[in-house]
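1. Predicted model and sequence follow; I will ask about them next.
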Amino acid sequence: MGHELMAGSGVRGRFGLPATFACLLLIATTAGAQSASMYSCVANGRTYTGDRPPPECSNSDIRELNRDGSLRRVIPRPLTAEEQKARDLEKKKRAEEEERALAQRRRDRSLLEAYASEQEIDAARAKALTSSNAVVKRSQVRIENMDEERKRLVEETEFYKNREVPETIKRALASNAQERAAELKIIGDAQSEIQRINDRFNADKKRFRELVSQGAQPAQRTH
């Protein structure tokens, strides 16, 4: 059975006994019981104790005490819905941060295993850019040829200032414009890929330099 205790030797407990005496009586009673613990909490400005967690402590931290009155552990009060939500969010945030840190360590290890120097990173960049650069050059040559063809077609239309331009010339001009637009799109896509490659290698080079400056050892090449 729980007892309500308040600070001060002059305060009497639930059974009219002085608080100090009631506490001693409770300790003595508990010592002879099967349980070796007492439970205590402060709720609504009052202290409650018992050989089992008092029901008044349902929303308070509970101190579990040894027979000699020393603290064994603190049983935290139940969390409110808002507190539980905040704790879950914090737990999720920590897990995400740990996952990002782990992923970064993996990337760093791969970077140091892949390159022995910044020069190797530049060489890998140049190799990665080869295909996209070739695409841009081919399309640029085609556009130059199309521009020459369009110039020729426009010059032909000048012979028909006061007459209807033949359908063959009209179709040729339309086809020229469509083909030119297609090549411009190819160039745009290739240039986007070039930018992506450069961004990746710029980031790798910057991180490689940071790791080496911090004492990390890159791959060792045998010649």
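-> On my side now, so go ahead.
2. Run through who's touching stretch 206-223.
-> With Cβ atoms under 8 Å, 6 or more residues apart in numbering as the contact definition, stretch 206-223 has outside contacts at 107, 108, 111, 112, 113, 114, 115, 116, 117, 118, 121. From N, CA and C alone the C-beta is placed, and that goes for glycine too.
3. which of these sit farthest apart?
-> Distance extremes for the contacts of stretch 206-223: the farthest pair is 107 and 117 at 18.2 Å, using Cβ to Cβ.
4. Can you pull the phi/psi pair for the most centrally placed residue in the chain?
-> For the chain, residue 96 is the residue whose C-alpha lies nearest the centre (Cα atoms, centre = their mean; 4.6 Å). When read as degrees, to the nearest 10, the backbone of residue 96 gives phi -70, psi -40.
5. Spell out which residues make up each domain of the chain.
-> By the record's domain assignment, the chain is partitioned as 3-75, 115-213 (automatic domain parsing).
6. want to throw the ones you listed into a markdown table with mean pLDDT, distance to residue 100 and mean neighbour count?
-> Formatted as a markdown table, the domains of the chain follow (pLDDT from 0 to 100; distance: least, Cβ to Cβ, whole Å; neighbours: other Cβ atoms under 10 Å):
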| stretch | mean pLDDT | distance to residue 100 | mean neighbour count |
| --- | --- | --- | --- |
| domain 3-75 | 69 | 33 | 15 |
| domain 115-213 | 96 | 14 | 13 |
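7. Just put those in TSV and tack on distance to residue 220.
-> Conversion of the domains of the chain to TSV gives the following (distance: least, Cβ to Cβ, whole Å):
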stretch	distance to residue 220
domain 3-75	53
domain 115-213	7
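8. Identify whichever of those domains lies nearest to residue 81.
-> That would be domain 3-75 among those, by Cβ to Cβ, at 13.0 Å.
9. Tell me which stretches of this protein form strands.
-> Secondary structure of the chain, counting by DSSP state E: strands at 3-5, 38-43, 46-50, 62-65, 71-75.
10. Just put those in a markdown table and tack on distance to residue 139.
-> Below are the strands of the chain laid out as a markdown table (distance: least, Cβ to Cβ, whole Å):
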| stretch | distance to residue 139 |
| --- | --- |
| strand 3-5 | 88 |
| strand 38-43 | 78 |
| strand 46-50 | 83 |
| strand 62-65 | 76 |
| strand 71-75 | 72 |
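11. among the ones you listed, which is nearest residue 127?
-> So among the strands of the chain, strand 71-75 is nearest, using Cβ to Cβ, at 62.3 Å.
12. got the angle for the closest one vs strand 38-43?
-> Interaxial angle, strand 71-75 versus strand 38-43 (axes from the mean of the first three to the mean of the last three Cα atoms, to 10 degrees): 50 degrees.
13. Quick check: longest helix in this structure by residues?
-> Counting residues, the longest helix found in the chain (DSSP state H) is helix 167-213.
14. now the contacts of stretch 206-223 in TSV, with distance to residue 175?
-> Listed next are those as TSV, based on distance: Cβ to Cβ, whole Å:
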residue	distance to residue 175
107	48
108	53
111	49
112	53
113	52
114	47
115	48
116	52
117	51
118	48
121	44
